[in-house]
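[1] next come a sequence and a model predicted from it.
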Amino acid sequence: MLTDAYGVILSVNPGVEPHSGYPPKALIGRRITCLDVDPLHGNIRLAVAHCVERLRPWRGVLLCRRADGRLIHQDGVFQPLGTGRDEPLRLLVTLHDVTDLCQQAQYDHALLQRFQGTLAQLPGVVFQLREDVRGELDFLYLSDGMGVLAGLSPSLVMQRADALLERMHAEDRAALTTSLAQSSVSLEPWILEFRVETFDGLRWFEGRARPSRRRDGSTLWDGLMLDITARKQEEQRTQQLVSTDMLTGALNRRAFFDFGEALRARAARQGYAVPLAMLDLDHFKRLNDTYGHAVGDLALQAFAATCRDCLRPYDLFARIGGEEFVVMLVDTPLDEAWGVLDRLRTTVEAIELEMADTTLRITVSLGLAVLPPEGSLDLALSQADQALYRAKHEGRNRLAGAPNVPRVRRDARP
Ligand SMILES: Nc1nc2c(ncn2[C@@H]2O[C@H](COP(=O)(O)OP(=O)(O)OP(=O)(O)O)[C@@H](O)[C@H]2O)c(=O)[nH]1
């Protein structure tokens, strides 16, 4: 349709009737603002003013009222014509009914809002992660759970995936790289448990996602991260219960063979030997018989606590029999092992168990063997046991080495 500079309709094409409901004749001579749902303040008035003042086209969505009163959305284009000096200014106006499109957009928007509301309520983080062909990772989407669970703003992590990766536990970061690479090649689901440093300390997460390959060669994972800290703590408590000797707090026999085997495999891979010692309290039957089983228990507890103090947290220390213990010294050269165990022996010797009318002392005998890189744990244990037997035989309260474990004097100092 064509209007003058005041928006008065000069001519219309017949197509105006189906979507406005007005016969063309009924519109000629009226202001075009009569089509607007709000003739005084609506967008049609603004569009006309814009074109007249700036002599530039205007485009936008107009909310109009049809002749039958029904509201419709129109995509309106207002184009100024005749902008020369002698020509009167006219406006060429085209209107397209986009009501269906707008309703669809409103519906989609409402759906999206509901969907995002639901995502925000989930006890986890919904994410979409992309790995491009150069192996660079970036999050295309992260739900608000990222902020709630890890204290990291989703938009920050979307800008820079490293903001999350840098907070991951170093061991888990390596596992993440490996597991994503495997999932990307095989297109098998990705699953990983990992730790993240959050505002609330170190927390455990479980990530699960399905990969898909995109046309540009990148891989896209759609998935979920859940906070599994409570479950992990429970698992750790249970694991501790089943692997710990209740009386002394040392690892029990079963745990020793589990962890010892893992330690053996790691040492074999890395090609180093592990010193291994058997420890047995001396004349323990006599102590039990003289002072009673309860005092014997106290002695075992004091002994185990002393051993823990003398060893490093990552050495393996376990009670494998009544008053029999075993130690595996991690990352320790054999000559140092002599020194460590000698110090342990003398520290045990210095334990004073205060009784009502006396002070009890205990001693320990030790047998040292070595688990070579390709050796067997059972064989090393039996060699340590034979060395222990020799220590007992030679008078107790001493450290003896298996035949293949020569004593190195310089490190045998207390
Ligand atoms: N109090 C207490 N005693 C235990 C426990 N487990 C084993 N024993 C006792 O430890 C003693 C071990 O005695 P033996 O194997 O004869 O050895 P020993 O008396 O220490 O003699 P040597 O090893 O030759 O110095 C036995 O009397 C067991 O009953 C325990 O959990 N608590």
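    Looks like it came in fine. Numbers count the residues shown, from 1 in each chain.
[2] now tell me which helix or strand of this protein has the poorest mean pLDDT.
    When each helix and strand of the chain is scored by mean pLDDT, DSSP states H and E, helix 145-150 comes last, with a mean of 82.
[3] quick one: the helices in this structure?
    16-20, 24-27, 43-54, 99-121, 145-150, 154-159, 162-165, 170-186, 229-243, 253-270, 284-291, 293-310, 334-349, 377-393 (DSSP state H).
[4] what is the third one packed up against?
    Counting contacts by 3 or more CB pairs under 8 Å, 6 or more residues apart in numbering; DSSP states H and E, helix 43-54 packs against strand 58-65, strand 71-81, strand 90-97. Glycine gets a C-beta too; all of them are placed from N, C-alpha and C.
[5] likewise for the last one?
    Contacting helix 377-393 under the criterion 3+ CB pairs under 8 Å, 6+ apart are the following elements: helix 253-270, strand 274-281, strand 364-371, strand 399-401.
[6] which of these sits closest to the ligand?
    Nearest to the ligand among the helices and strands packed on helix 377-393 is strand 274-281 (5.0 Å), distances taken as CB to the nearest ligand atom.
[7] for residue 399, name its beta-bridge partners.
    The partner list for residue 399 in beta bridges (DSSP bridges) reads residue 366.
[8] show me what contacts it?
    Shown here is residue 399, whose contacts under the criterion CB atoms under 8 Å, 6 or more residues apart in numbering are 277, 338, 341, 342, 345, 365, 366, 367, 368, 391.
[9] residue 179 contacts residue 188, doesn't it?
    No - applying CB atoms under 8 Å, one finds residue 179 not in contact with residue 188, separated by 10.0 Å.
[10] between the two, point out the one with more neighbours.
    When neighbours are counted by other CB atoms under 10 Å, residue 179 comes out ahead of the other of residue 179 and residue 188, with 16 against 11.
[11] quick check: domain ranges of the chain?
    2-103, 122-228, 244-411 (automatic domain parsing).
[12] nearest to the ligand, out of those?
    Closest to the ligand of these, according to CB to the nearest ligand atom: domain 244-411, at 2.4 Å.
[13] can the closest one be said to contact the ligand?
    Yes - judged by CB under 6 Å from any ligand atom, domain 244-411 and the ligand are in contact via 247, 280-286, 288, 293, 296-297, 300, 322-323, 392, 396.
[14] re earlier: in CSV: the helices of the chain, plus distance to residue 208.
    CSV is the format used below for the helices of the chain (distance: least, CB to CB, whole Å):
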stretch, distance to residue 208
helix 16-20, 50
helix 24-27, 61
helix 43-54, 48
helix 99-121, 16
helix 145-150, 14
helix 154-159, 18
helix 162-165, 16
helix 170-186, 11
helix 229-243, 14
helix 253-270, 26
helix 284-291, 52
helix 293-310, 39
helix 334-349, 44
helix 377-393, 36
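[15] where does the stretch 101-250 of the chain have low pLDDT?
    For the stretch 101-250 of the chain, applying pLDDT under 70 flags no range at all.
[16] so which residues on it come close to the ligand?
    residue 247.
[17] need the helices and strands packed on helix 43-54 in CSV (columns: distance to the ligand).
    Formatted as CSV, the helices and strands packed on helix 43-54 follow (distance: least, CB to the nearest ligand atom, whole Å):
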stretch, distance to the ligand
strand 58-65, 84
strand 71-81, 84
strand 90-97, 89
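[18] kindly reformat these as JSON lines containing distance to residue 10.
    Output for those, formatted as JSON lines (distance: least, CB to CB, whole Å):
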{"stretch": "strand 58-65", "distance to residue 10": "18"}
{"stretch": "strand 71-81", "distance to residue 10": "11"}
{"stretch": "strand 90-97", "distance to residue 10": "7"}
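[19] using a markdown table, lay out the ones you listed together with mean neighbour count.
    Below are the helices and strands packed on helix 43-54 laid out as a markdown table (neighbours: other CB atoms under 10 Å):
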| stretch | mean neighbour count |
| --- | --- |
| strand 58-65 | 18 |
| strand 71-81 | 18 |
| strand 90-97 | 18 |
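[20] any chance of the helices and strands packed on helix 377-393 in CSV with mean pLDDT and distance to residue 206 as columns?
    Converted to CSV, the helices and strands packed on helix 377-393 look like this (pLDDT from 0 to 100; distance: least, CB to CB, whole Å):
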stretch, mean pLDDT, distance to residue 206
helix 253-270, 93, 23
strand 274-281, 97, 33
strand 364-371, 97, 35
strand 399-401, 96, 46
